[in-house]
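# Could you work out the structure for the sequence below:
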Amino acid sequence: MTTENLPAKSPIDKLKNVMASKSVQEQFQNALAENSSLFVASLIDLYGSDTYLQKCNPQAVVMEALKAATLKLPVNKGLGFAWIVPYKDKQGNFIPTFQIGYRGYIQLAMRTGAYKYINADVVYEGENKGGDKLTGHLDLSGERTSDKVVGYFCHFETLNGFKKTAFMTAGDMEKHAKKYSKSYNSSSSPWKTDGEAMGIKTMLRNTLGKYGVLSVEMLSALTNDNDERTTEGRLGDALDNEANQGNIIDVEPEKSAEGKTGPNF
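Model (predicted):
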């Protein structure tokens, strides 16, 4: 049988060939030890269930998966810790991107063993009774009067007694998204389909990144998470809702300041 007559390899077969490489297996083994086989199986399952992800270079998919593996964050859709999301650039190329969900940031913070409390959520109309700019205290003891989201907060307290509370109005969060999310205007953007989850993640990421305990894992997460950071080949923002998996967001690459992840507050 000639080469021309050989059946074309399926996307799954191509991914498995990459995964079969000794060097790739060693990298997953070094990152996950005895859990590497389970992670690889979940990656293959994710790849097999996402027809858009199959359009990406399988080697690039594996490289993005390694970022999740080194942080020990599963790419299982149902858990919501991390994803590998396919994006299409203006040249029509499909690019896999590693992105962390807000549950992933909570998980990484918990692993430090330094936190007594950590919480982030939406603030509904009527709940916010004001705060103290000097101390950062936020009074959310008001009674909710409607389902309208008026803001987002993040609060944590470490075991040594350090406390921090951050708040952003819904209007300021929208301005943030428009400024830093290159996919904001897409109908498939998570800011449109699951804006509350994106707001919660933004609060966690910014507050922990500026005031939290910066473990090696957290620093790696902040560096490798492709949310709100656009460089050549790194596009878009995180899909924090599993219902968005398989959606393609068309965005145009645009260089930005290296390492810029959005404003601190």
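# And the helices in the protein, which stretches?
Along the chain, the segments classed as helices by DSSP state H run 11-19, 22-32, 36-49, 58-70, 102-111, 170-180, 190-193, 195-211, 216-224.
# Check those helices for me and report the most buried one.
helix 195-211 (a mean of 23; mean count of other CB atoms under 10 Å). Every C-beta, even on glycine, is put in place using the N, C-alpha and C of the backbone.
# how far does that helix sit from the chain's center?
Between the centre of helix 195-211 and the centre of its chain there are 11 Å (CA atoms, centre = their mean, to the nearest Å).
# hang on, the earlier thing: tell me which of the helices of the chain sits nearest to residue 118.
Nearest of the helices of the chain to residue 118, taken as CB to CB: helix 102-111 at 5.6 Å.
# can you tell which of the helices of the chain is closest to residue 137?
The nearest among the helices of the chain, by CB to CB, is helix 195-211 at 14.6 Å.
# wait, doesn't residue 55 sit right on residue 92?
No - with contact defined as CB atoms under 8 Å, residue 55 does not reach residue 92; the gap is 9.8 Å.
# before we move on, back to that, which one of the helices of the chain lies closest to residue 147?
Closest of these to residue 147 is helix 195-211, at 11.1 Å (criterion: CB to CB).
# That closest one vs helix 216-224, what angle?
Interaxial angle of helix 195-211 relative to helix 216-224 (axes from the mean of the first three to the mean of the last three CA atoms, to 10 degrees): 120 degrees.
# From residue 174, how far out is the residue nearest the centre of the chain?
Central residue of the chain (CA atoms, centre = their mean): residue 100, 2.3 Å from the mean position. Between residue 100 and residue 174 the computed distance is 22 Å (CB to CB, to the nearest Å).
# you'd agree residue 65 is up against residue 83?
No - between residue 65 and residue 83 there is no contact under CB under 8 Å: 10.4 Å.
# between those two, what contacts are shared?
Residues touching both residue 65 and residue 83 (CB atoms under 8 Å, 6 or more residues apart in numbering): 75, 98.
# Neighbour count: residue 55 and residue 92, which is higher?
More crowded of residue 55 and residue 92, by other CB atoms under 10 Å: residue 55, with 16 against 8.
# Look up the pLDDT of the more buried one for me, please.
Here the pLDDT value assigned to residue 55 is 93.
# who's in contact with the nearest residue to it once chain neighbours are set aside?
Nearest residue to residue 55, sequence neighbours excluded (CB to CB, 6 or more residues apart in numbering): residue 94, at 4.0 Å. Taking CB under 8 Å, 6+ apart, we find residue 94 in contact with 52, 53, 55, 56, 86, 87, 88, 248.
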